[in-house]
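A.B. asks: sharing a sequence plus its predicted fold:
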Amino acid sequence: MSTAFVFPGMGPSRFSEVGRFMMISPFARRRLAEADAALGYSVLDALRSAGDGYTAASQIAFVVNSLAMADWAEDVLGERPELCVGPSFGERAAAAYSGAMPFAELIRLTAELAACELDYYRTEQQDVVSQFIVRTPLERLQEVLAGMAGRGEWHEVSAYFDQDVHLVTMSERHLDAFKQRVRELGGYSLTTMRPPAHAQVLEPLRKRMQDEVYPRFSFTAPALPVLSDQDGSVVTTGADVRTMLVDSVVNQVHWGHITATLVEHGVTRLCVTGPDLLIHRLGTLKKNFELIPVGPKDAMRPRRPARRHVASR
């Protein structure tokens, strides 16, 4: 039975939701102490005062917590993954967990990328958002997008999660009409991402990060194979890990490609290690794998929790 660790993408978070885990979990406290030492300040204090949203402190805390939950899964559940993957923001945790970059360096990289991103969005792409939609099969989504194209409304499909779960990027002035049309076709709109993600329109941000941030950091070949969340390929060199992270800004996340590679490599169990509201719910994953969610509540338990779902084959 082969296991892969999945580090989820980042969703909206509040201090009340993650702060208790960071203060109580010994695994989080160990990671937090390393992060504090790497940055020279208290991540927990910064998170407490930062407010909600995709702040630098919340991004750092998400990485800390995701890796702490992976540590718990190893220590308490005895999990030993043969692969790991980090769709979207989860790429950063995967880079550190795989050994492609030391944890302290990954924390500094996350802080610098967050500062670069937040500075960029103060003046650029302020009218662009990414919208999660569910219960919207691809053919119905294509119908909605064809209507937008016919009206000359720019859009990009930024992520394919499942047959009926997608992330679409567009100008915010078209968002309400898009959501209304999705509702009319029986779909449902979830989180609106501000700032947006995974869209070619963000090429200036990708280039800025590539030129101004990444040259100060080094990557090595991962000790644990990493799957690209963009095309499902196995990433085996430090240079490829860097490229995966850099290009994540503009490239689509595609769970279809990830799933195909996992199946090809004989993976039967996915341990979703991190605060996750989406991945462990995806129908295609439930059909193909045994899913083991490891969220904050799970990782504060002293003993092995009951399995949440066993795939039907």
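C.D. replies: The structure has been received and is ready for your questions.
A.B. asks: for the rest of this, base every contact and every neighbour count on C-alpha atoms.
C.D. replies: OK.
A.B. asks: okay, now the closest residue to His166 other than its chain neighbours: neighbour count?
C.D. replies: Leaving aside its chain neighbours, His166 sits nearest to Tyr160 (4.9 Å; criterion: CA to CA, 6 or more residues apart in numbering). By other CA atoms under 10 Å, 19 other residues sit near Tyr160.
A.B. asks: in three-state terms, label Tyr160 for me.
C.D. replies: Counting by DSSP: H, G, I helix; E, B strand; the rest coil, the backbone at Tyr160 sits in strand.
A.B. asks: in this structure, which spans are helices?
C.D. replies: 15-24, 26-39, 43-50, 56-75, 90-97, 103-123, 138-150, 175-184, 203-212, 238-247, 255-264, 283-288 (DSSP state H).
A.B. asks: as CSV, these with mean neighbour count and mean pLDDT would be great.
C.D. replies: Formatted as CSV, these follow (neighbours: other CA atoms under 10 Å; pLDDT from 0 to 100):
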stretch, mean neighbour count, mean pLDDT
helix 15-24, 16, 83
helix 26-39, 18, 96
helix 43-50, 16, 89
helix 56-75, 24, 95
helix 90-97, 26, 97
helix 103-123, 17, 95
helix 138-150, 15, 95
helix 175-184, 16, 96
helix 203-212, 16, 97
helix 238-247, 18, 97
helix 255-264, 18, 96
helix 283-288, 17, 94
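A.B. asks: can I get those helices in JSON lines including distance to Leu270?
C.D. replies: Formatted as JSON lines, these follow (distance: least, CA to CA, whole Å):
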{"stretch": "helix 15-24", "distance to Leu270": "22"}
{"stretch": "helix 26-39", "distance to Leu270": "21"}
{"stretch": "helix 43-50", "distance to Leu270": "29"}
{"stretch": "helix 56-75", "distance to Leu270": "12"}
{"stretch": "helix 90-97", "distance to Leu270": "14"}
{"stretch": "helix 103-123", "distance to Leu270": "23"}
{"stretch": "helix 138-150", "distance to Leu270": "25"}
{"stretch": "helix 175-184", "distance to Leu270": "31"}
{"stretch": "helix 203-212", "distance to Leu270": "30"}
{"stretch": "helix 238-247", "distance to Leu270": "21"}
{"stretch": "helix 255-264", "distance to Leu270": "9"}
{"stretch": "helix 283-288", "distance to Leu270": "9"}
